[in-house]
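sharing a model that was predicted from the sequence below.
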Amino acid sequence: MQKETGKVTLRKRKVKKSDGKRRDSKGVILKMGEYQRPDGRYLYKYRGKLGQKKVIYATSLKELREKENSVDQDRLDGIRTMESCNVNDMFDLWCQVKRGLKDNTFQNYKYMYNTYVRPEFGRINVKELRKTDVKVFYNRLVDDERLRVHTLDVIQNILHQVLDVAVDDRYIRVNPLDNALAELKRARGKDTKKRKALTLTEQRMFLDYIKDHPTYYRWYPIFSFMIGTGMRVGEVTGLRWCDVDMEDKWIDVNHTLVYYDHGNRHCAYEINSTKTEAGTRVIPMLDMVKDALLLEKKNQEEAGLTCKSSICGYTDFIFLNRFGEVTNNGMLNKAISRIIRDHNDEELLRDSEHARLIPKFSCHSLRHTFTTRMIEAGVNIKVVQEILGHTDVSTTLNIYADATKDLKKDEFAGLNDYLKEAKGA
């Protein structure tokens, strides 16, 4: 029996030698470039577009041939096959070729990428990246890093542009970032909060509290100015005395102050052009704004304060900290948080049951507050757009819709009371 088995084996070997075909351990004929290793794994050798040797591996012949077909199709379509290129490599390439971004926007993009993407997600090979990987990554940023969905919008915008480069250079066929954030937005939409404007009562409470406060009085002019102009934070902090006409009551908005990380140069201020072309504008000066400027000048004179900042040739800035230097978004938001905390604590101690509390807000909310006051006063929508420096009227209309929704609700509350009284009569 053993002898017959040996003869059969020998006969098979003779067949292999006689037809000159290479076979695997199961007797299946192997194509050119296909090989089976001693450990049973399969490999396929081929040459790339430039003649470089390339190898792919598989645990079965079926899997190997599926990979071969994919490689062949990629080569026909001009897709780069089996090249090692991760997301970080593509981002670095994108940084080299990207043009048309303002420097502060570009620096912010690099900061966001290096902080949240580069350490882990950025190391994934672009050819192996799947939409599920992106969704898992985004969910982790929301759950573990506590990022808000609008922050993910920025990351999505960066990554989508980066992977577009990979598509253009034929590393991949389609961009896995296409609509990758849509599902998460739908799922988390109820958790996202729009910036809310202060009501007129909340606005008065806030300004009245700081106007004569022994500690916070020095913040009154800048916050009153922001509520009365709707200017962006960088536009306010970068404003100079030569940009305001106190006699004719105009404010010339022609630049913005930015503060960001320059890498090995650390954090620094720079002067940039306004956010958009429409951002360069002239704003009429309300009485409350003129009063705020006069009060700021008076406070600085009494404190012997002069501007010590000189940034990109710009100096004589209006709003200064106690050291005579320009301020920034972070300082203003910290001041607002402390003011809200102290005001609400005092209110709760005075009368916890009927306390009038100020809601949490950021300095950007003061821009929405000014917009809401204009809409409540019936200012024409095109004027609102020009004063805010919006390029696209849809941006203005979104704020307009939110403001008028609250306004209608308040008006109908009064109508409801009136109809109840009429019914009782």
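Perfect, thanks for sending it.

where does pLDDT dip in the stretch 1-150 of the chain?
1-20, 48-52, 73-84 (pLDDT under 70).

let's see it at 90
Where the stretch 1-150 of the chain drops to pLDDT under 90, the residues are 1-29, 31-33, 44-57, 65-86, 89, 93, 96-112, 125, 127-128, 142-150.

how long is stretch 230-239 from one end to the other?
Taking CA to CA, to the nearest Å, the first and last residues of stretch 230-239 lie 13 Å apart.

the helices in the stretch 101-250 of the chain, which residues?
103-112, 131-143, 149-168, 182-188, 200-211, 220-229, 233-237 (DSSP state H, counting those that start in this stretch).

what is the shortest one packed up against?
Read it as helix 233-237. Packing contacts for helix 233-237, counted by 3 or more CB pairs under 8 Å, 6 or more residues apart in numbering; DSSP states H and E, involve helix 220-229, strand 256-261, helix 329-350. Bear in mind the C-beta positions are built from the backbone N, C-alpha and C, glycine included.

output that helix as CSV, restricted to C-alpha atoms.
In CSV, the C-alpha atoms belonging to helix 233-237 read as follows (Å, rounded to 0.1, in the frame of the first residue of the first chain):
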residue,chain,number,x,y,z
VAL,A,233,-13.0,90.2,18.3
GLY,A,234,-9.9,90.6,16.2
GLU,A,235,-11.3,93.8,14.6
VAL,A,236,-12.0,95.3,18.1
THR,A,237,-8.7,94.3,19.7
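
which outside residues touch that helix?
For helix 233-237, contacts defined as CB atoms under 8 Å, 6 or more residues apart in numbering pick out 222, 225-226, 229, 253, 255-258, 272, 274, 279, 317, 319, 326-329, 332, 363-364.

kindly report the same for stretch 327-338.
Residues outside stretch 327-338 that contact it (CB under 8 Å, 6+ apart): 216, 219, 222-223, 233-234, 237, 257, 259, 269, 319-321, 360-363.

present the helices and strands packed on helix 233-237 as TSV; the columns should include mean neighbour count, mean pLDDT and distance to N104.
As requested, the helices and strands packed on helix 233-237 are exported to TSV (neighbours: other CB atoms under 10 Å; pLDDT from 0 to 100; distance: least, CB to CB, whole Å):
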stretch	mean neighbour count	mean pLDDT	distance to N104
helix 220-229	24	98	20
strand 256-261	21	79	4
helix 329-350	15	94	12
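
of these, which is nearest T372?
helix 220-229 (10.3 Å; CB to CB).

would you mind getting the angle between that closest one and helix 329-350?
Helix 220-229 and helix 329-350 are oriented at 100 degrees to each other (axes from the mean of the first three to the mean of the last three CA atoms, to 10 degrees).

name the SS class of L43, please.
Using DSSP: H, G, I helix; E, B strand; the rest coil, the structure places L43 in strand.

how many residues are close by it?
Using other CB atoms under 10 Å, L43 has 14 other residues around it.

what's across from it in the sheet?
Going by DSSP bridges, L43 is paired in beta bridges with Y35, Y57.

wouldn't it be in contact with Y57 here?
Yes: if you go by CB atoms under 8 Å, L43 and Y57 touch, sitting 5.1 Å apart.

so what sits against both of the two?
Here L43 and Y57 have L64 as joint contacts, going by CB under 8 Å, 6+ apart.

the stretch 1-150 of the chain: strands as residue ranges?
In the stretch 1-150 of the chain, the segments counted as strands under DSSP state E, counting those that start in this stretch are 34-36, 42-47, 53-58.

CSV for those, including distance to T151?
Formatted as CSV, the strands of the stretch 1-150 of the chain follow (distance: least, CB to CB, whole Å):
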stretch, distance to T151
strand 34-36, 49
strand 42-47, 44
strand 53-58, 39
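
which of the ones you listed sits most buried?
Of all the strands of the stretch 1-150 of the chain, strand 34-36 carries the top mean neighbour count, a mean of 17, counting by mean count of other CB atoms under 10 Å.

contacts for that one?
22, 24-25, 30, 42-45, 61, 64, 68.

repeat for stretch 90-110
Stretch 90-110 is contacted by residues 113, 117-118, 122, 126, 154, 158, 161-163, 165-166, 171, 258, 260-262, 270, 272-273, 275 when judged by CB under 8 Å, 6+ apart.

how about 7 Å then?
Residues outside stretch 90-110 that contact it (CB atoms under 7 Å, 6 or more residues apart in numbering): 113, 122, 126, 158, 161-163, 165-166, 258, 260-261, 272.

any stretches of the stretch 301-425 of the chain with poor pLDDT?
For the stretch 301-425 of the chain (pLDDT under 90), the answer is 329-330, 351-354, 372, 375-381, 390-425.

so where do the helices sit in the stretch 301-425 of the chain?
Secondary structure of the stretch 301-425 of the chain (DSSP H, counting those that start in this stretch): helices located at 329-350, 365-376, 381-388, 393-424.

dump those helices to JSON lines, plus distance to Y109.
Formatted as JSON lines, these follow (distance: least, CB to CB, whole Å):
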{"stretch": "helix 329-350", "distance to Y109": "17"}
{"stretch": "helix 365-376", "distance to Y109": "23"}
{"stretch": "helix 381-388", "distance to Y109": "24"}
{"stretch": "helix 393-424", "distance to Y109": "21"}
